[in-house]
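Novice: One predicted model, sequence on top.
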Amino acid sequence: MLREEVVLVDTEDNETGIAEKLDAHREGRLHRAFSVMVWDTRGRLLLQRRQIDKYHSGGLWTNTCCGHPRPGETSSEAASRRLNEEMQIICPLTAIGTFTYRAELDAGLIEHEFVHVFHGVYEGVVAPNPVECDGYSWSSPDVIRRQIAAVPQCFTAWFKKYVDAGWPIEPPR
């Protein structure tokens with residue numbers, strides 16, 4: 001298996017080093033990440049159900065795509081790359097801000113991420129990579145909020161934090 005590395009950062013997103021991805025998650029070290037929110041023209045957000053065998057949060061519903069830029073890769077480049085790898089979607093992405101969070105996950109792992117958030121609009125075929133994703137759903141913000149209230153254990157820690165903050169699960173204008 002290929003060694004995956006993440007970019008360690010300070011609270012201002014200045015690079016402080018590189019770490020192996022699993023080590024960074026075991027130790028709860030702050031690192032750079034991205035999240036992508038893809039909308040359709042009817043105002044629905046594309047959610048994915050993480051593949052059940054993922055190293056954490058397997059089987060949980062979350063935003064369209066997320067991940068970590070590789071060393072030397074911009075967050076924008078990484079977001080576009082992973083959106084295509086995970087969901088077979090190519091669309092223009094717009095940076096909409098950053099979000100920092102820390103969450104304890106299953107398997108003794110800790111997410112501590114400085115997240116660059118992107119959104120895009122897409123109308124077309126969605127063909128998730130089965131290694132990454134066990135399913136997908138187009139959902140309105142109201143439905144998402146009701147589902148999280150009813151069954152919060154079915155959603156990833158970071159996505160619940162986005163929704164709790166009231167951002168960024170509204171369609172682009």
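Specialist: The structure has been received and is ready for your questions.

Novice: Is the residue lying closest to residue 133 once chain neighbours are set aside bridged to anything, and to what?
Specialist: Once flanking residues are discounted, residue 133 sits nearest to residue 48: 4.7 Å by Cβ to Cβ, 6 or more residues apart in numbering. All C-beta atoms are positioned from the backbone trio N, CA, C, and that covers glycine. Going by DSSP bridges, residue 48 is paired in beta bridges with residue 62, residue 136.

Novice: Which residues are in contact with residue 48?
Specialist: 61-65, 86-87, 128, 132-133, 135-136 (Cβ atoms under 8 Å, 6 or more residues apart in numbering).

Novice: And for residue 30?
Specialist: So residue 30 contacts 8-11, 100, 112-114 (Cβ under 8 Å, 6+ apart).

Novice: follow-up on the earlier one: ok, the contacts of residue 48 vs residue 26, which is closest?
Specialist: residue 62 (20.8 Å; Cβ to Cβ).

Novice: from what I can see the closest one touches residue 161, true?
Specialist: No. Using Cβ atoms under 8 Å, residue 62 makes no contact with residue 161, being 11.1 Å away.

Novice: Can you tell me which helices and strands whatever helix or strand residue 111 lives in packs against?
Specialist: Per DSSP states H and E: residue 111 is located in strand 110-121. With contacts taken as 3 or more Cβ pairs under 8 Å, 6 or more residues apart in numbering; DSSP states H and E, strand 110-121 sits against helix 21-27, strand 31-39, helix 75-87, strand 94-104, helix 157-164.

Novice: how near is the residue nearest to residue 133 to residue 87?
Specialist: 7 Å (Cβ to Cβ, to the nearest Å).

Novice: coming back round to it: starting from the strand holding residue 111, tell me which strands it pairs with and how they run.
Specialist: When DSSP bridges is applied, strand 110-121 pairs with strand 31-39 (parallel), strand 94-104 (antiparallel).

Novice: want to try a markdown table for those, with mean neighbour count and mean pLDDT as columns?
Specialist: Below are the strands paired with strand 110-121 laid out as a markdown table (neighbours: other Cβ atoms under 10 Å; pLDDT from 0 to 100):
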| stretch | mean neighbour count | mean pLDDT |
| --- | --- | --- |
| strand 31-39 | 25 | 97 |
| strand 94-104 | 14 | 94 |
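
Novice: so which of these gets nearest residue 80?
Specialist: Among the strands paired with strand 110-121, strand 31-39 sits nearest to residue 80 (Cβ to Cβ), with 8.5 Å.
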